[in-house]
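>>> Predicted model follows, preceded by the sequence.
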Amino acid sequence: MGNLKPGGPSFSTGWGRMRSQLWIIGVIGLVVLLLVGALILENRFGPIDPTDSGWKAKVVNDLDVQIDVKSSAVDLKLAPGESDIFASPGPGQLNFILTITESHGRTLGCLVVRGNKRQTVQLMASQVTPCQS
């Protein structure tokens, strides 16, 4: 009969193999849990990769005058025909408002951004609507 006493060669070899298998299963489980967690957080709060096309708005100045496009985070000037990308102002915010003004400071109106998680939304400056107070 084999040596099955605690501390004997057969007992320790079997226990070591089982411990190794449990460790590998634990590591695989942790990796799967982290990947699923990252996907859930990215879907809820926005992309981890800043070059991802979702959660952004591209504003095109199709007017004949230079405009200032203001969000809560940035103020950019766009000459006629120029465009720029505006990211959502905070984690998890798909929808936001951009204020459009002339270079003299007169408010032309607002662009309401209804964001998309998968692709950049394009807005034309001529689509401004009256700003809500």
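Yep, it's here.

>>> hey, let's count contacts and neighbours off CA atoms from now on
Fine.

>>> what about Q132, which helix or strand?
Counting by DSSP states H and E, no helix or strand carries Q132.

>>> Tell me the spacing between it and G109.
9 Å (Cα to Cα, to the nearest Å).

>>> so where's this structure shaky on pLDDT?
1-13, 39, 41-54, 133 (pLDDT under 70).

>>> domains in the protein, as residue ranges please.
1-45, 56-127 (automatic domain parsing).

>>> In TSV: those domains, plus mean neighbour count.
TSV is the format used below for those (neighbours: other Cα atoms under 10 Å):
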stretch	mean neighbour count
domain 1-45	12
domain 56-127	17
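
>>> host element of Q21?
According to DSSP H and E, Q21 maps onto helix 9-45.

>>> Can you name the element that comes right after that helix?
Counting by DSSP H and E, the element after helix 9-45 in chain order, helix or strand, is strand 56-60.

>>> Cool, thanks, talk later.
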